[in-house]
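> what's the 3D shape of this:
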Amino acid sequence: MTTESASTMTATDTQSFDSDTINQIAAQPASAADPGALNPRGGGSPTGGTTARSAGHVIVDSLVAHGVERTYVVPGESFLDVLDGLHDSKIDTVVCRHEGGAAYMAEADGKMNQRPGVAMVTRGPGAANAHVGLHTAWQDSTPMLLFVGLIPFAHRDREAFQEFDIKAWFDTGAKRVMVLDHAERASEIVAEAMFAAMSGRPGPVVVGLPEDIIRQQVDPVLHPRIPVAAGGMSTTDAEALAGALALSTKPLFVTGGNDWTQEAAGLLTGWLEKHHIPAAAEWRTQGTVSFDSPSYVGPIGYGRPRPTYDLLQETDLLVFVGTVPGDVITDGFVCRQDWNKQNFLVTIDPSLRGRSGPVSRQIVAKPDAFVRDLLGIDLAVKDEWKAWTARMRAEQTSFAALPPAEPAAGPARMDTLMANLVPRLPEDAIVTFGAGEHTNWAHRYFPTRRYASMISARNGSMGYSIPSAIAASLASPQRRVVTIAGDGEFLMNGQELATAAQYGATPLIIVMDNQEYGTIRTHQERHYPSRISGTQLKNPDFGLMARAFGGFGITVTRDGDVPDALDAAFQAIDREGRFALIHLIVEQRVKAY
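Numbers count the residues shown, from 1 in each chain. Sure, this is the predicted structure:
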């Protein structure tokens, strides 16, 4: 490994756009109506042309130039000029039914793409509702932009209608909070926000848009993309890692985060398989190393199977890539805390935010840059590596083996549903989910075979399943999207089924209805046995609800009806182009593991 080869990995082209794109946007002809103040969408040129454009329209043009394909919106009068700019743009405007749903969709979009997801909401109550998606993006390190319409500049600090302090609200949960107080900086602020969301450890950025400022006329010149550094292994980093691997008998890689590409995921998988080295997945990020890979040994996080918990203590060399050993992985800062342990942390964040336990060496690199440099390390394979990997792979294979597909007599069961669902899934299927014990069926059985095939909320946020499934279906309409929702979390954003119907999203939605907040009930039984309080639910007919929204819906109470329900649901998706929902009423206290 040479210093020269490492130095070529200093920036990523994930948001690149050329001058032709800028020229085409900026040189759009003026409207045949009034090209003046009442018609902000005038023509112009990239060199400071003759006709100005409104700042709101320049914001939209800049988003287009940065590769944004869709934005998730709950409209408000505070950003009408941006909505007007979206009218004739290449960006799909997805109108959502709640700001929390819009923010979740943008966050999920950021997980699936090499650019931030974008949401737009209005001031005050709208911004408050969107905060849940922002917190998800912060804890999950997801690139995301939240545009918030604000009161007019002249009304500030006068307790105007829906006024709030955007920096005070969001400053501790976003990488940056920016306010467009000067219209001529509209394109610059978009470029800065994109850069901030993607650089270092990715995360959310909030941009405030005063309604009077975005109507002002500005030069239509667009700010160029700001390159994002990707880091990479230095010669000494590579030597240190190679030396640690050579001395190790039980090495383990742990992959995580949202800063990968499928190319890097495939290259890492090939390198691990070549060297017979195992890899586990950070909680709710399965798929970076394929579910079918002989090197994949399972998930690590809440509700993990016991073997992968033991792995953290037993391994003599732990290499985290794209993530750090935090609260969830270390079981509340308990596991892997001995500073004599060997931990190599590969992350572009020099602050190691969220880290717990020992640090033998930090390699400052994004996953793609690290993996490309890792390919230069070629070591003799040890018999101990083969035995160690084979043992843990056997544990994972046994853990993920499907239950019998033949239905049993009695109530519907998630085991039967998964046993009949998984064999029907294509290689590139996506699963999404929010929070709750229902998610463990996906952790255990869903075949995640590529990067970004499991989209979830690692901050434990409920209500994420439906919005994330809609975003996944719109972003990848050619892929099979499945979401597994609990009855408790489904109703937190179930109204977004209207959004799915409006824009043609076609996920398969499984609602596991056990009439309770199951995770909280489990904690309750552990700490306050036989004293059930505040966890029981009475639910509507979710199948009927799905039909009311324009999709296919069926309610299943008997296990024997599960296969036919899946047949009917897939027929509705594939032949009718509708989303499908299976409302599965199951017994309480039945768990995936």
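> which stretches of the stretch 301-450 of the chain have low pLDDT?
303-309 (pLDDT under 70).
> Strands of that one, residue ranges please.
In the stretch 301-450 of the chain, strands defined by DSSP state E, counting those that start in this stretch lie at 317-321, 343-346, 361-363, 430-433, listed in chain order.
> One more: the stretch 451-593 of the chain?
Using DSSP E, counting those that start in this stretch, the strands found in the stretch 451-593 of the chain span residues 454-456, 481-486, 508-513, 552-556, 580-585.
> Skip the chain neighbours and tell me the closest residue to residue 297.
In space, and not counting its chain neighbours, residue 297 is closest to residue 392: 4.0 Å by C-beta to C-beta, 6 or more residues apart in numbering. The C-beta positions use only the backbone N, C-alpha and C, and glycine is treated the same way.
> quick revisit: looking at the strands of the stretch 301-450 of the chain, which is buried most?
With neighbours defined as mean count of other C-beta atoms under 10 Å, the strands of the stretch 301-450 of the chain peak in mean count at strand 430-433, which reaches a mean of 29.
> Name every strand pairing with that strand and say which way it goes.
Counting by DSSP bridges, the strands paired with strand 430-433 are strand 454-456 (parallel), strand 481-486 (parallel).
> For residue 429, which of these is the nearest?
Closest to residue 429 of those is strand 481-486 (C-beta to C-beta; 6.5 Å).
> What mean pLDDT does that closest one get?
Strand 481-486 shows a mean pLDDT of 97.
> who touches that strand?
Outside strand 481-486, the residues within contact range by C-beta atoms under 8 Å, 6 or more residues apart in numbering are 421, 425, 429-439, 441-442, 446, 462, 465-466, 468-469, 472-473, 505-514, 517-518.
> now with 6 Å?
Around strand 481-486, the neighbours that count as contacts under C-beta atoms under 6 Å, 6 or more residues apart in numbering are 430-433, 436, 438, 442, 465, 469, 472-473, 507-512.
> Can you verify residue 185 is assigned to a strand?
No: with DSSP: H, G, I helix; E, B strand; the rest coil as the criterion, residue 185 is located in helix rather than a strand.
> Look at it and report its pLDDT.
For residue 185, pLDDT reads 97.
> who does the longest helix along the chain touch, helix- and strand-wise?
The single longest helix within the chain, with elements called by DSSP state H, is helix 383-400. For helix 383-400, the packing partners by 3 or more C-beta pairs under 6 Å, 6 or more residues apart in numbering; DSSP states H and E come out as strand 296-300.
> helices or strands up against the strand it packs on?
Packed next to strand 296-300, using 3+ C-beta pairs under 6 Å, 6+ apart, are strand 279-282, helix 383-400.
> relative orientation of it and helix 383-400 in degrees?
60 degrees (axes from the mean of the first three to the mean of the last three C-alpha atoms, to 10 degrees).
> Sheet partners, orientation included, of strand 296-300?
Counting by DSSP bridges, strand 296-300 is paired with strand 279-282 (parallel).
> which residues sit against the partner strand?
Residues contacting strand 279-282 (C-beta under 6 Å, 6+ apart): 253-256, 272, 289, 295, 297-300, 308, 323.
> for stretch 528-547, same thing?
Under C-beta under 6 Å, 6+ apart, the answer for stretch 528-547 is 487, 511, 513, 515-517, 520-521, 553-555, 581, 583.
> Please apply the same query to stretch 355-369.
9, 230-233, 237, 240, 259-261, 264, 321-322, 324-326, 330, 333, 336-337, 339, 341-346, 348, 350.
> what about stretch 375-393, start to end distance?
Using C-alpha to C-alpha, to the nearest Å, the end-to-end distance of stretch 375-393 comes out at 23 Å.
> Flag every buried residue along it.
377, 382, 385, 388, 389, 392, 393 (16 or more other C-beta atoms under 10 Å).
> from what I can see the third one touches residue 276, true?
Yes: between residue 385 and residue 276 there is a contact at 4.6 Å, judged by C-beta atoms under 6 Å.
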